[in-house]
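**Student:** Fold the stuff below for me.
(chains A and B)
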Amino acid sequence: MENNDIIRPENLVYKRPALLSENHMHYCPGCSHGVVHKLVAEVIEEMGLAESAIGVAPVGCAVFAYNYIDIDWMEAAHGRATAMATAAKRLQPDKLVFTYQGDGDFSAIGTCESIHSCNRGENIAIIFINNAIYGMTGGQMAPTTLLGQKTATCPYGRRADLNGYPLAITPLLAQLDGTCYVTRQSVHKPANVRKAKAAIKKAFQNSLDGKGTSVVEIVATCNTGWKLTPEKANLWMEENMFAKYPLGDLKDVDAKK
Amino acid sequence: MKDQVTLMKGNEALAMAMIRYGADGYFGYPITPQSEVLEKLEEEMPWDTTGMVVLQAESEVSAINMVYAGACCGKAVCTSTSSPGFSLMQEGMSYMSASEVPALVINVMRGGPGLGTIHPSQADYFQACKGGGHGDYHPIVLAPSSVQEMADFVGLAWDLAFKYRCVSMILVDGLIGQMMEKVVLPEQKPRRTEDQIREQCPWAINGRKGMRPKNIITSLELDDDKMEANNERFQATYREIEKNEVRCELVNTDDCDYLMVAFGSMARIGMKTMELAAEEGIKIGLVRPITLWPFPTKEIAEAAKGKKGVFVPELSCGQMIEDVKLAVECKLPVEFYGRTGGNVPSPEELLDALKNKLINK
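**Tutor:** Reported below is the predicted structural model:
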C-alpha cells in the first residue's frame, strides 16, 4: 500500500485544530505551553466559540499566545489579565472570556487582581500555568518555586528563611465564594492531556453558564529553566512538583449536588 | 428634560454626563476628593436604564486595567481618581496610549506629593501633560473651570478619544469637583449597539463574528524597526491633535498691559482679580487653556505680544509656567505665584502678587 492510499480524509484520526495558527511557536521543545495552547484551540473549536472567544494574554512565556490561537486577543500588562477579563466579560456578557497566565503573572505581580476577580465571581475562565520558574526572563525564582529548587535568583536553592515558602494559590482561590470550579491538571502524559482538556472545556462552559470563576491550574514543565531534558523534566515534575501541587479537583460546585 | 437647570457638585456632573453620553462602563476606586463620581453612579443605577456597567475595583491599578480592556473592546469606558490614584494608573496610561485605544481618565487633583492632602491642587500638570508613565506618549488633557464644563467635557473627551484612538483626560482641581453650581446636563444618547461598534471600531476585541480576521491589541513589538514605526505613528497622531484640537478662552487679551495665564479654578479666581485690577486702573487680560495638552502655545505667544509681563498663578510650585515661558520664548517677564498644601489664594492675593512681581518690582 502506498502512502497516498493511506492519507485520505476517511482515515483521518487526528488533526491540528483549525484555530491553532501555522506560526512557528517560540516555546522551547519540551515545554508544556504548546500542548495547552493546542487544547485551548481544540476546545474553542469543538464548543463552536471561534466567533465569540476573547483571550487575555499575559506577560511571561505565553505573551505571544495571540500569535498561535486564532481568536481575538488583548495583551495585558504584567499581572493584570483578570482585571482586563473582568471588564471584557461584563461589557460583553455573551462572549467567552478567558485569561492565560503563568505563575509569576497570576500569583506574584497579579495576586491582588487574581484573588479579587475570583472573589467577585467574574464569569471568566483562568488557565494558570505553574512551572515554578520565570521562563521568559531567564529562569528566576517564582512564587511557586519549590524549597531547595535552584533558579537564577536563588542559585543555591530556595530557602524559606531567605525567600519565603512556595505559594499554592489555587487552594486559596477554592475557598472563595466566587469560584465555581478550581482544578489542578498536567499535560505530561496522554491520560493527563485528556483530563486537562476536559477541565478546560468545563471551565469554559461554566463561564458561558454564568456560574462564576473557573481556575484550571496546569502543573507544567520548564525543562530549559530547570536545566533538564524534556524527559527528565517530566520525571522531576512528578517526583517534586506533584507533592506540593497535587493533581485533581480542588472545588467543583456541580459535584456537590 | 432639555435645558433643565439643576444644582450639583462637579463630581456628580461628571457621573451624570457619563450616563447621558451613553457610556458603556465605569471602573473606579474611592479616593477623596472624587468619590462622589462612583457614589452618584451607584445611586443612579444606570445598568437598569442604559445598560452601563459600573464596578468598584479593588484598586486604581485594577480600575485602569479594566478601562484598558473596555477600550480594547471599542466601548466608551472611563475611570476617575485623585492624585495618588492617578500615580497608580500611569502604567495603564502608557499601555493604552501604546495600544491606541480610546479611553477617558479623570483626575480630580488633590495636594501632594505623597499622601499629601485631600484639598485642591493643580500639581499633577506635569504627570498628565508630559506623560507620567514610561515611553513617549500624550493624552489629550482637558481642564474644566466650572461644573458646566465638567458635564460638557465628558462627551468632548470621549469624542476626541474615539476620533484619534487615544486617551483623553479631564484634569481638574478638587475645588471644581466639590463645588456646587448650576448645570445643564447633555441630552441622553443611546449606547452604541455591537453592530455600531463593529462599524466604528473594526479593530475592537469583540469576537471574530463572521470569522473575520482575528483582532489583536498589544503594546508589545520586539522588532526594533516596527516599534520605531509605531512610535512615529503615535507622534504623527499627536502632531495632528496639536494642529486641530487646541482650545483656550481669551478674556480681554487685546486691551491689557499684563497677561495672566491660568487654568481651572485659578482662572476663575483670576477673573475676579482682573475686575479688582481694573478698579485700580491696571489692565489684565487672561488666557485660560482649556486643553492643557495640546497647549495653546501660539495663542499665548500672540496674546503676549506688546504686553509688559505675564503672570502665571497655579495651585502648585510652578508647572504650567514652563510651557508659558516656552510659548513666549522668554521675550518678556513671566512671573509665578503658587499656593500648595490645599491652600487656595484669594483674588486680592493674586493681585498683590502680580503687582509685587511685575509692576512694583
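
**Student:** quick one: average pLDDT of stretch B:315-322?
**Tutor:** When pLDDT is averaged over stretch B:315-322, the result is 98.

**Student:** got the CA coordinates for that stretch in PDB?
**Tutor:** C-alpha atoms of stretch B:315-322 as PDB (Å, rounded to 0.1, in the frame of the first residue of the first chain):
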ATOM      1  CA  LEU B 315      -2.000  75.600  42.700                       C
ATOM      2  CA  SER B 316       1.500  74.100  42.600                       C
ATOM      3  CA  CYS B 317       5.100  75.100  42.900                       C
ATOM      4  CA  GLY B 318       5.100  76.100  39.200                       C
ATOM      5  CA  GLN B 319       4.500  73.600  36.400                       C
ATOM      6  CA  MET B 320       2.400  75.100  33.600                       C
ATOM      7  CA  ILE B 321       4.600  78.200  33.800                       C
ATOM      8  CA  GLU B 322       7.400  76.200  32.000                       C
END
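
**Student:** gap between it and the chain center?
**Tutor:** Relative to the centre of its chain, stretch B:315-322 is centred 16 Å away, using Cα atoms, centre = their mean, to the nearest Å.

**Student:** cool, stretch B:13-31 as well?
**Tutor:** For stretch B:13-31, the distance to the chain centre is 15 Å (Cα atoms, centre = their mean).

**Student:** Same question for stretch B:288-306.
**Tutor:** On Cα atoms, centre = their mean, the centre of stretch B:288-306 falls 16 Å from that of its chain.

**Student:** now stretch B:251-258
**Tutor:** The answer for stretch B:251-258 is 26 Å, by Cα atoms, centre = their mean.

**Student:** quick one: contacts of it?
**Tutor:** B:259, B:271, B:274, B:282-288, B:303, B:307-311, B:354, B:358-359 (Cβ atoms under 8 Å, 6 or more residues apart in numbering or on different chains). To be clear about C-beta, it is placed using only N, CA and C from the backbone, and glycine gets the same treatment.

**Student:** So for it, mean pLDDT?
**Tutor:** Looking at stretch B:251-258 alone, the average pLDDT works out to 97.

**Student:** right, is stretch B:228-237 up against chain A?
**Tutor:** No: using Cβ under 8 Å from any Cβ of the partner chain, stretch B:228-237 never reaches chain A; the gap is at least 13.6 Å.

**Student:** and for that stretch, what are the contacting residues?
**Tutor:** B:97-98, B:100, B:136-137, B:164-166, B:221.

**Student:** Mind checking which of the contacts of stretch B:251-258 are in strands?
**Tutor:** B:259, B:284-288, B:309-311 (DSSP state E).

**Student:** Please identify which of the residues you listed is nearest to residue B:334.
**Tutor:** Each of the ones in strands among the contacts of stretch B:251-258 was checked against residue B:334 using Cβ to Cβ; the closest is residue B:310, at 4.5 Å.

**Student:** residues contacting the closest residue to chain B within the stretch 101-250 of chain A?
**Tutor:** With Cβ to the nearest Cβ as the measure, residue A:116 is the residue of the stretch 101-250 of chain A nearest to chain B, at 4.0 Å. Listed by Cβ under 8 Å, 6+ apart, the contact partners of residue A:116 are A:82, B:57-58, B:62.

**Student:** mind running it again at 7 Å?
**Tutor:** B:58, B:62 (Cβ atoms under 7 Å, 6 or more residues apart in numbering or on different chains).

**Student:** give me the element it is part of.
**Tutor:** helix A:111-120 (DSSP states H and E).

**Student:** next SSE after that helix?
**Tutor:** Sequence order places strand A:125-130 as the next helix or strand after helix A:111-120, per DSSP H and E.

**Student:** Contact residues of chain A facing chain B?
**Tutor:** A:50-54, A:63, A:66, A:70-77, A:80, A:83-84, A:86-88, A:90-92, A:95, A:112-113, A:116 (Cβ under 7 Å from any Cβ of the partner chain).

**Student:** In helices, which of those residues appear?
**Tutor:** Mapping the residues of chain A next to chain B onto helices (DSSP state H) picks out A:83-84, A:86-88, A:90-91, A:112-113, A:116.

**Student:** about what we covered before: kindly give a single ChimeraX line that selects the buried subset of the contacts of stretch B:251-258.
**Tutor:** Applying 16 or more other Cβ atoms under 10 Å in any protein chain shown to the contacts of stretch B:251-258, the buried members can be selected in ChimeraX as follows:
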select /B:259,271,274,282,284,285,286,287,288,303,307,309,310,311,354,358
